[in-house]
Every structure is written in structure tokens, then in C-alpha cells.
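Asks: I would like the atomic coordinates for the input below:
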Amino acid sequence: MEFSDRTPKDMSPNPISEALSRSGSKPFLDLMNSNPTQCEFDYPQTLLEPLGLPHSLVYEPLSFGSEAAREALAGYLASKGQKVKAQNLLLTASTSEAYSYLFKLLGNPGDSFLIPSPGYPLLEHLLRLEGLKAIPYPLKVAANWPLELEKVERAITSRCKGLIVVNPNNPTGCFLSPNDQSAIIKLCEKHGLAYISDEVFSDFAYPPFSLSDCTNSQGLSFRLGGLSKSLGLPQLKLSWVAMEGPEEVLKESRERLELIADTYLSVNTPVQIALKELLQFAPDFQKEVLSRVSSNRLILERNLKEVKEVKVWPAQGGWYALVEITKQEVLEEALIIELLEKHQVFVQPGAFYDFPSGCFLVLSLLGPANLFVEGVSRLKKALSGL
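Replies: Below you'll find the model as predicted:
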């Protein structure tokens, strides 16, 4: 049987996956656990009660989602400084699905989209599943990971349909500077590219950082978010796309997206009905996450501060930390496997996020303090012995 090229031809596991499989029943500390529902956050017992309201038994197939849910979401976004009309909000079951809708809207098979590098590998996979190509554009390995704008423009081809930014980036945790953001929006306008801003982690900016306004007044732009991060409730399966741009372009985009969304009708009714009440939980949850992340980052920095040839990169937001091993002869993949098999602690390699060179470790800052302290202690011991 011959399968399509949308999935890899070689499906065999990589050496790190094989090492995880070998670990089997051996206990290890997972410093990459980024599932908030497994990290001992304080979810109120009454949080899910609105999901059981009687009206949830009535199905209303609305392509963009219910008007009440979109009005509630518009109010929430306004409280964050993002002014968007409910009619320009599209509800989806996940950010991945939101991307798939936008790729269907904007691209034909063989077209391409620009994606940040380093960055989360999901984007390349989603593009491939749509028969599209990913063209990485580089973030400079320097403080705050700025854009290399000349390289971005050189990467644009006649078949590019859009440019994706992630604010803050996963895993660097840095926002585009206002100057970089302004420049890249002008670049999109110049080349007729859609501007897609993934803002799933934007609620978790470390003060005084924040997401600057990314309105693209001359072209079409899309901003993505979801309950998976904003409320720490990935199982409720609700995300959104906020559209911005000139009204004549928005009108056609809405019409075409309505056709695409109507083909799937994926967002479930109970979560839409409950959305207004669920969003009331957002400030408490986000405050708790920021407290946890800040505390764990401080623990990490203090422990690794005196370890030679190890650098904890500063960040401006998000759930992750980036550790660089500057010792030249250290091989990233071998180190990850050694950490797992010899020290029983798991982190992810920078290669997973398309770092161009060097040895980088990526770890989650969401874990409970006691587990995180023990994990970092094992990490420190291992790195001190390099």
C-alpha cells in the first residue's frame, strides 16, 4: 500500500523516543510536562458546572460558533486590549484546526508559508498535512531573539501566501519587539502576504513585557488563541481566530471561512454555552501560572548559575525555559539520552525546535515546586559533570 507524502515516509522512532520506550517502568522526572491539568493547579470544583446546562441538548450548527460565545470572547479580548468585533471571530476546536482552516483559505497545494526558526515543530507538520511547504525564517541567536529582516525578505518566493509569528515564541519565550513587528507587517503588505499571529501564550507575559498592537491596517491578519493555554483547559477544545483588515477583504474572508468551517462544524455546544462563565476563571488561573512559572524559573537560574559553560536564556513570557550548553564537544542528542537513562530526568533537545546549531535543552516551568526542584537538582548534577 502506498501512502501520501503528507505523512513522513520513514515512521521509525528517533533515538530519544527509543530511549523513552526503554525507560519503561523505570521512574523518571519529566521536566517537559506542559499539560496544566496534570500540574496540580487549583481548578475550582464548580468550574465545569456551566457545561451541564439544559440548553446544551439543543444543537445549532453555526459555522463561526454561536453569537453569544463570540460576544463573550470579544469582551474577554477587549479586556486584554484587543478590540475585535464578534462577527470577525471564528471559533475552532483547537489552534491546530484554526491553522488548518487558514491554510485552506490562503494556500493551494505547493504554496508556502514563512515560519519562525527556532520554533515549535507543529507548524511544519500542519503545513505538510495540507500539501503546503514551510519556509523557515531565522531569529537571531542574541538577546530577545530579534528578526533578521533581510533574511526574512530573501526567503519570500512568488508562492508564499502568509507569514506566521508566535508571540511569545515557543520555546525562546520572547516577543517580537515593536520595531520588528511593525517591520514584518510592512513586509507582509509589500508582498501581499497574510499576517498570522499565534498568541496562545500571550496571556503569560512576564511584567513589564506585553504584546504590542499588531493591527495590519493595509492587509489581512489573523490572531490565534485558545482555552488550552488561557484557561489551562485543553480538554474543552475551544480556540479562536480573530480577523483584522480592510472590510472588503474581511468580508470575502468571512464568506470563504464560513464555507470551510461549515464543512467540519467541530466546536461542541456545551463549551460555547459555558464560555462566558469559563472566561471569568481566566484571571485567577493566569495569575497562578505566572506565579508558578516565575518561581520555577528562579529555582532553575539559581541552581545553574555556577555551573560552568551553562546558560539559562532570559525570556519575556510563556511556560518554557531554554538552557544552552556552551561546551563545544557536548552532543545534544547523547546528552538528552544520558540525562534520561543515567539521571532519570527528561528534557527536550533544541533540535526538536529547529535550532540551527549548538546544544540547547528545553524544559517546562509548569511542574509542581517539589518535583521541579528535584528535577533541576538532577539536571545540575549531570551538567556539572560534563
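Asks: Tell me where the model's unsure across this structure.
Replies: 24-25, 212-217 (pLDDT under 70).
Asks: Walk me through the domains of it.
Replies: 15-42+283-384, 49-280 (automatic domain parsing).
Asks: For the first one, what is the distance to the chain centroid?
Replies: On the basis of CA atoms, centre = their mean, to the nearest Å, domain 15-42+283-384 sits 17 Å off its chain's mean C-alpha point.
Asks: what's the first-to-last distance across it?
Replies: Taking CA to CA, to the nearest Å, domain 15-42+283-384 runs 24 Å from one end to the other.
Asks: again with the longest one
Replies: Using CA to CA, the span of domain 49-280 from its first residue to its last is 13 Å.
Asks: Specify the stretch among the domains of the chain that is closest to Arg6.
Replies: Arg6 lies closest to domain 49-280 among those, at 5.1 Å (CB to CB). The C-beta positions use only the backbone N, C-alpha and C, and glycine is treated the same way.
Asks: before we move on, the earlier item: export the domains of the chain to TSV and append columns for distance to Pro8.
Replies: Listed next are the domains of the chain as TSV, based on distance: least, CB to CB, whole Å:
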stretch	distance to Pro8
domain 15-42+283-384	13
domain 49-280	8
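Asks: Glu2: which of the ones you listed is closest?
Replies: Here domain 49-280 is closest among those (CB to CB), at 16.2 Å.
Asks: Compare the domains of the chain and report which one is nearest to Met1.
Replies: Of those, the one closest to Met1 (CB to CB) turns out to be domain 49-280, at 18.8 Å.
Asks: what about the strands in this structure?
Replies: In the chain, the strands defined using DSSP state E lie at 29-30, 89-92, 112-117, 133-138, 160-166, 194-198, 221-226, 239-244, 310-312, 320-325, 345-346, 348-349, 359-364.
Asks: And the helices in the chain?
Replies: Using DSSP state H, the helices of the chain run over residues 15-23, 67-79, 95-106, 122-129, 149-155, 178-191, 227-230, 247-264, 269-279, 282-304, 332-343, 369-384.
Asks: returning to what we had before: possible to save the domains of the chain as CSV with mean neighbour count and distance to Asp5?
Replies: Shown next, in CSV, are these (neighbours: other CB atoms under 10 Å; distance: least, CB to CB, whole Å):
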stretch, mean neighbour count, distance to Asp5
domain 15-42+283-384, 17, 20
domain 49-280, 18, 8
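Asks: Just tell me which of these ends up closest to Lys9.
Replies: Using CB to CB, the nearest of the domains of the chain to Lys9 is domain 49-280, at 11.7 Å.
Asks: Who are the contact partners of Gln286?
Replies: Asp203, Phe204, Ser230 (CB atoms under 8 Å, 6 or more residues apart in numbering).
Asks: What distance do you get for the nearest residue to Thr326 once chain neighbours are set aside to Leu224?
Replies: Using CB to CB, 6 or more residues apart in numbering and skipping residues adjacent in sequence, the residue nearest Thr326 is Glu309, 4.5 Å away. Using CB to CB, to the nearest Å, Glu309 is found at 38 Å from Leu224.
Asks: try Ser357
Replies: Applying CB to CB, the value for Ser357 to Leu224 is 30 Å.
Asks: same check, this time on Leu298
Replies: The value you get for Leu298 to Leu224, if CB to CB is used, is 30 Å.
Asks: do you know which of the strands of the chain lies nearest Leu47?
Replies: strand 221-226 (16.6 Å).
Asks: Could you name the helices and strands sitting against that closest one?
Replies: Packed against strand 221-226 by the contact rule (3 or more CB pairs under 8 Å, 6 or more residues apart in numbering; DSSP states H and E) you find helix 95-106, strand 194-198, strand 239-244.
Asks: Not counting stretch 254-270 itself, show me its contacts.
Replies: Stretch 254-270 is contacted by residues 51-53, 56, 58-61, 63-66, 87-88, 90-93, 97, 101, 104-105, 237-238, 241, 243 when judged by CB under 8 Å, 6+ apart.
Asks: Just the C-alphas of that stretch, formatted as PDB.
Replies: Extracted in PDB, the C-alpha atoms of stretch 254-270 (Å, rounded to 0.1, in the frame of the first residue of the first chain):
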ATOM      1  CA  ARG A 254     -15.600  35.500   6.300                       C
ATOM      2  CA  GLU A 255     -17.600  34.100   3.500                       C
ATOM      3  CA  ARG A 256     -14.800  31.600   2.500                       C
ATOM      4  CA  LEU A 257     -14.000  30.700   6.100                       C
ATOM      5  CA  GLU A 258     -17.700  30.100   6.700                       C
ATOM      6  CA  LEU A 259     -17.800  27.500   3.900                       C
ATOM      7  CA  ILE A 260     -14.700  25.800   5.300                       C
ATOM      8  CA  ALA A 261     -15.900  25.800   8.900                       C
ATOM      9  CA  ASP A 262     -19.300  24.600   7.800                       C
ATOM     10  CA  THR A 263     -17.700  21.500   6.400                       C
ATOM     11  CA  TYR A 264     -16.500  20.500   9.800                       C
ATOM     12  CA  LEU A 265     -18.700  22.100  12.500                       C
ATOM     13  CA  SER A 266     -16.300  20.900  15.100                       C
ATOM     14  CA  VAL A 267     -16.800  23.200  18.100                       C
ATOM     15  CA  ASN A 268     -19.100  21.500  20.700                       C
ATOM     16  CA  THR A 269     -22.200  23.200  22.000                       C
ATOM     17  CA  PRO A 270     -21.600  22.900  25.800                       C
END
